[in-house]
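*Asks:* how would this look folded up:
(chains A and B)
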Amino acid sequence: MSATIDQLVNREYQYGFSTDIESDTLPPGLSEDTVRFISAKKNEPEWLLEWRLKAYRRWLTMKEPHWPNVTYPPIDYQASSYYSAPKSVKPLGSLDEVDPKLLETYAKLGISLNEQKRLSGVAVDAVFDSVSVGTTFREELAKEGIIFCSFSEAVREHGDLVRQYLGSVIPYSDNFFAALNSAVFSDGSFCYIPKGVRCPMELSTYFRINQETTGQFERTLIVADEGSYVSYLEGCTAPKRDTNQLHAAVVEIVALDNATVKYSTVQNWYAGDENGLGGIYNFVTKRGKAMKNSKISWTQVETGSAITWKYPSVILQGDNSVGEFYSVAVASKMQQADTGTKMIHIGRNTKSNIVSKGISAMKGQNSYRGKVHILPKAEGARNYTQCDSMLVGNECGAHTFPYIEVQNNSAILEHEASTSKIGEDQIFYLKQRGLDAEQAVSMIVSGFCKEVFKELPMEFALEAQQLLGITLEGSVG
Amino acid sequence: MSTTLLAPALLSQATAAASAQAPDALRAQREAGARAFEQLGLPTTKVEDWHYTSVASLADASFVPMNGDASGVTAEQLAPYLFSTSWPTLVFVNGVHAPSLSTIDALPDGIRVLPMAQAMTTLGDQVARQLGTAAPADRDGFTALNASFLGEGAVVHVAKEMVVDTPVHLLFVTTDKGVGGMQHPRVLLYAERHAKATVIESWVGLTDGAYFSNPVAEVMVEDGATLNHLKIQREGRQAYHVSTIEARQGRDSHYVSFCFTTGGQLSRTNIYTVLDGEGCGTTLNGLTMLDGEQHGDVQTRIEHAKPNCFSRQIYKSILDDTSHGVFNGKVFVRDIAQQTDGKQTNNTLLLSKTAQVDAKPQLEIYADDVKCTHGATVGQIDQTALFYMKSRGIDADMSRQLLTYAFAAETLETIENETIRDELEGVTMRRFTSSD
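*Replies:* Residues are numbered from 1 along each chain as shown, chains lettered A, B, ... in the order given. Next up, the predicted model:
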């Protein structure tokens, strides 16, 4: 039986191609000049350069954190290149001007910008290495007053908005990787939903690392003004490389009074091979600030990356605000994932809901690390946490590190965790119903993850389910 | 960012103790302890295991070793803490064994209960060999400190295949004479194969002054043995209490621990056990009730090192006023420990607005064929239950008392010995029904 599992887990990474495009890549190395170079390259205003430099200087004084339950060789921050852009970048009027080779890449990834434009009604902002290459559906969104564009463009055209909210949730001094990102971030997406507007379509960003030895440091800023609604999707892939590449992104979400933001991620960076060679180090800081009656919901499906270190969090600042976190994290081959969430309850009657499903297979190590903090003023706060782990194979590990801190007695908290394996009896049952072992496992796993998948937008849920099938292929037998 | 606190007063005391007159076996241990303490110091809150409990006030305090002055202590004073006068009881007053108050003449067959000093002379090497095996001096600053003062304490030894029904009671009392002092007793509990026994370790403060208790218990539960170990901590309101219990278990053995905590201004109990034989298991239960400005921390760590072992935990806390409760339960499953079955429950009831709790139930699993769950809840008294009782004609105060007691009773009911259970249930009941 285990032969089938092995086959399942071992399937090739299908996004592992690389695109041969001429690109402008800064030689490896990091210094104040690098920061100035990036800023100048993007024609950034003085205030942003100052902010980057402050971040860089702070970063120099910080130490790389080592508390996550992961191990990796020391990262040489000077060996990475901090800027890589497809060469043909010039201001783009429409998608038709995008390098056809790039479009081909995205087509391979299954997100043909043209297709999407017409058929799926999802507005996509695609980030290739460090630069945003095209945003679809610009006009339609503009009609509603929605701003959805690359970060550099937002800095140029909506400087005031960016300046007001940049760093308001994750200050440049927040942590080591956030500081690094603040100093050298190259591009990313910016999204602003005006008061009372319900965004008519899903917004989506697609990230792709193409160049070898580049790190990707993108920054996403989403501002949902009072009473607005937006659902935002993010997907990531990278080519197969033997070296480890660093990805240190920052995502900030601001949900003003009565706003709702749904943020969904399907992360499928290259995970390295079965010997742990290559793969992306995914060290990401994601946080949202929820004001009165607002809601921020994080949904993530993490199947890729050699190492994942990521805690999408919500600061429940306003009264009655709601934070949600739904996660499926898969660690297979030699992958290590240390992921979870933080819910900081500050306002009255704030609610948070955490559902985390971890799947470990082959030699994967999967940790859930979460914190629920109820501050003294958070009268009537409510939290429910559920974290389940599933083990496939006897060389993997599943760990939970929940931190529960309560300073108000009217709060009600529940935390449940369980760890179990796919039972032989479950597989046997499904097999005698006519399914083969592989289908049986896939069915059990998708049942296990159902609660999370149902939170994903339709097209993403399908992709996630397939992705999970692929990642676990060969791990059962 | 330093992770250790220098405690110069404690260190100089420890060094002095290490170089004092003592039997050779003890002396080596003490020196190792003092050396380790010099290295380790006391943990800061930067140390993950001490994140929620700051012992900075201990580092600044200057306690001196207690002198064992037992004058003025009468049997009547101890009576409320005894459970039963007919049980073998070894009494320690202000850190030193008090023979006149102890009653260990009529021991049941198969069990030996000795104060440490006597055990060192009669059993010599046997004891020396055991010291520091389960709880090594260099585990942390507190075990190091305990090792450097090694000499007081007790040894309880149960011979193979002996089932001893009568519990043995080790009672550590601190009076006004012990104020400003510290004690570092070592308790060795040894259950040979297929033996069964119950040992109570009581910590009582008859004073409102500050003192510091730092006991270490090392527990060996051999193949097939069952050991019930109850730790009843009712230290004085100003006391510091940091205790470490480390158990090693053999095949098919069962270690049952109950940890009852109501005393101390700052208390911390570490209960660590290694399930080191196939088919063995452990049950760790506890109840913490705090009020005023008390800080109480319980940490458990269960290491599943062999296949087919089970662990069960129920820890409850009831926190009132501005007290602060901490629970950290770690279940660690090694890769070979297949068929592990682990369950952990942690519930906290907050009675006042200003009470706070930090809980960290933790699972670290490196094997695949396991069944491990944990659950944690924090809340106040259920308003629906309160309303229901009121609708049945029970007034609000009484309903609240009953519900609070019922919350606590769930853990107390797990105590096997009826006398101890009744007594602790009584203590709990009185705590919530007496009018204040």
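
*Asks:* and A:Ile146, how many residues sit next to it?
*Replies:* A:Ile146: 23 surrounding residues under other Cβ atoms under 10 Å in any protein chain shown. For the C-beta atoms, the positions are set from N, CA and C on the backbone; glycine is no exception.

*Asks:* residues in contact with it?
*Replies:* If you count contacts by Cβ atoms under 8 Å, 6 or more residues apart in numbering or on different chains, A:Ile146 has them with A:191-194, A:197, A:199.

*Asks:* next: B:Gln339.
*Replies:* Taking Cβ under 8 Å, 6+ apart as the definition, contacts of B:Gln339 comprise B:307-308, B:369-370.

*Asks:* which of the residues you listed count as buried?
*Replies:* Among the contacts of B:Gln339, those buried by neighbour count (16 or more other Cβ atoms under 10 Å in any protein chain shown) are B:307-308, B:370.

*Asks:* got TSV for these, with distance to chain A too?
*Replies:* Converted to TSV, those look like this (distance: Cβ to the nearest Cβ, whole Å):
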residue	distance to chain A
B:Pro307	11
B:Asn308	15
B:Val370	6
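
*Asks:* counting neighbours, what do you get for residue 303?
*Replies:* Looking at chain A here, since you left the chain open. 24.

*Asks:* wait, chain B
*Replies:* 22.

*Asks:* likewise for A:Lys357?
*Replies:* For A:Lys357, using other Cβ under 10 Å, the count is 24.

*Asks:* sec struct for it, please.
*Replies:* strand (DSSP: H, G, I helix; E, B strand; the rest coil).

*Asks:* interface residues of chain B facing chain A?
*Replies:* B:48, B:52, B:335, B:338, B:348, B:350-380 (Cβ under 8 Å from any Cβ of the partner chain).

*Asks:* strands along the stretch 201-350 of chain B, start to end?
*Replies:* Along the stretch 201-350 of chain B, the stretches classed as strands by DSSP state E, counting those that start in this stretch are B:212-213, B:216-221, B:226-234, B:240-249, B:254-261, B:266-275, B:281-290, B:295-304, B:310-319, B:324-333, B:341-350.

*Asks:* so which of those strands comes closest to B:Ala56?
*Replies:* Taking Cβ to Cβ, strand B:266-275 is the member of these nearest to B:Ala56, at 10.3 Å.

*Asks:* by contact count, what packs against the closest one?
*Replies:* If contacts are counted by 3 or more Cβ pairs under 8 Å, 6 or more residues apart in numbering or on different chains; DSSP states H and E, strand B:266-275 sits against strand B:226-234, strand B:240-249, strand B:254-261, strand B:281-290, strand B:295-304.

*Asks:* which residue does the stretch 51-200 of chain A bring closest to chain B?
*Replies:* Closest approach between the stretch 51-200 of chain A and chain B, counting by Cβ to the nearest Cβ: A:Trp67, at 7.6 Å.

*Asks:* actually, chain A.
*Replies:* Closest point on chain A to chain B, by Cβ to the nearest Cβ, is A:Asn409, at 3.3 Å.

*Asks:* sec struct for that residue, please.
*Replies:* Relying on three-state DSSP, one would call A:Asn409 coil.

*Asks:* how far away from the center of its chain is the helix or strand that contains B:Glu423?
*Replies:* Assigned by DSSP states H and E, B:Glu423 falls within helix B:418-433. From the chain centre to the centre of helix B:418-433 is a distance of 19 Å (Cα atoms, centre = their mean, to the nearest Å).

*Asks:* list the buried residues for it?
*Replies:* Quick answer for helix B:418-433 (16+ other Cβ under 10 Å): B:420-421, B:423-425, B:427-429, B:431-432.

*Asks:* quick one: mean pLDDT over it.
*Replies:* The pLDDT scores in helix B:418-433 average 92.

*Asks:* pull the residues that contact that helix.
*Replies:* Contacts for helix B:418-433 (Cβ under 8 Å, 6+ apart): B:83-84, B:167, B:200, B:230, B:232, B:260, B:262, B:287, B:289, B:401, B:404-405, B:408-409, B:412-413, B:415.

*Asks:* low-scoring stretches of the stretch 351-477 of chain A, by residue?
*Replies:* Across the stretch 351-477 of chain A, the ranges flagged by pLDDT under 70 are A:458-460, A:463, A:467, A:469-477.
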